[in-house]
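Chemist: quick one: sequence plus predicted model below, questions after.
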Amino acid sequence: MKTVTLIRTNSDNPDFRLLVTELDADLRLRNGDMMNIYDQHNIIEKNDTVVIAYTDQIPAGCGCFKAFDQDSVEVKRMFVRPGARGNGISKIVLNELETWALESGFKHAVLESAGKQVEAHNLYQKSGYGRIPNYGPYVNLPYSFCFMKTL
């Protein structure tokens, strides 16, 4: 396994912007026109809680979180480049996001993942997330799967 280096940064980071562009293309390829509905919920403007994973100083994956309510964060924009998958990077990024959220005083994490992201569902369930009823903008979206974890 390659050495993974993490940085905590914000959404203005050019590597994060690059990875998010690749994430959006990957989601559109997997989910097609369904992304027309989801795209509006995936906009990350000013966010100060971004984690980027690097292997050999090359951006390999990312994720971020934002406040969901007083006690919870919502994990967003989780992505690992195809060539970097299978190295545990998504788990490392998720763990760092959870640690940061806990350090920031939050007690829970929630997230949404589209139905075709089976590998993401496996990651979240192995990481202690349980399926919950769809929340917020995902309530009436049948291809959304929502999860929650106590940090």
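Modeler: Great, that's in hand.

Chemist: host element of the nearest residue to Arg8 once chain neighbours are set aside?
Modeler: Nearest residue to Arg8, sequence neighbours excluded (CB to CB, 6 or more residues apart in numbering): Val51, at 5.9 Å. No exception for glycine: its C-beta is placed from N, CA and C like everyone else's. Assessed by DSSP states H and E, Val51 sits inside strand 50-55.

Chemist: partners of that strand, with directions?
Modeler: Strand 50-55 has its sheet partners listed here by DSSP bridges as strand 4-9 (antiparallel), strand 58-67 (antiparallel).

Chemist: report the rounded mean pLDDT for the longest one.
Modeler: Spelled out, it's strand 58-67. If you average the pLDDT over strand 58-67, you get 97.

Chemist: what does it rub up against?
Modeler: Outside strand 58-67, the residues that touch it by CB atoms under 8 Å, 6 or more residues apart in numbering are 4, 11, 15-16, 18-20, 23, 44, 47, 49-54, 73-81, 84, 87, 89-90, 93-94, 97, 100-101, 106, 109.

Chemist: buried sites along it?
Modeler: Within strand 58-67, the residues that qualify as buried by neighbour count (16 or more other CB atoms under 10 Å) are Pro59, Ala60, Gly61, Cys62, Gly63, Cys64, Phe65, Lys66.

Chemist: between these, which sits nearest Gln125?
Modeler: For those, the residue nearest Gln125 by CB to CB is Gly63; the value is 16.7 Å.

Chemist: quickly list what the closest one is bridged to.
Modeler: Val51.

Chemist: what distance do you get for it to Val50?
Modeler: Distance of Gly63 to Val50, given as CB to CB, to the nearest Å: 8 Å.

Chemist: check Asp12 too.
Modeler: The separation that Asp12 has from Val50, given CB to CB, amounts to 9 Å.

Chemist: need the max-distance pair from the buried residues of strand 58-67.
Modeler: Ala60 and Lys66 (22.3 Å).
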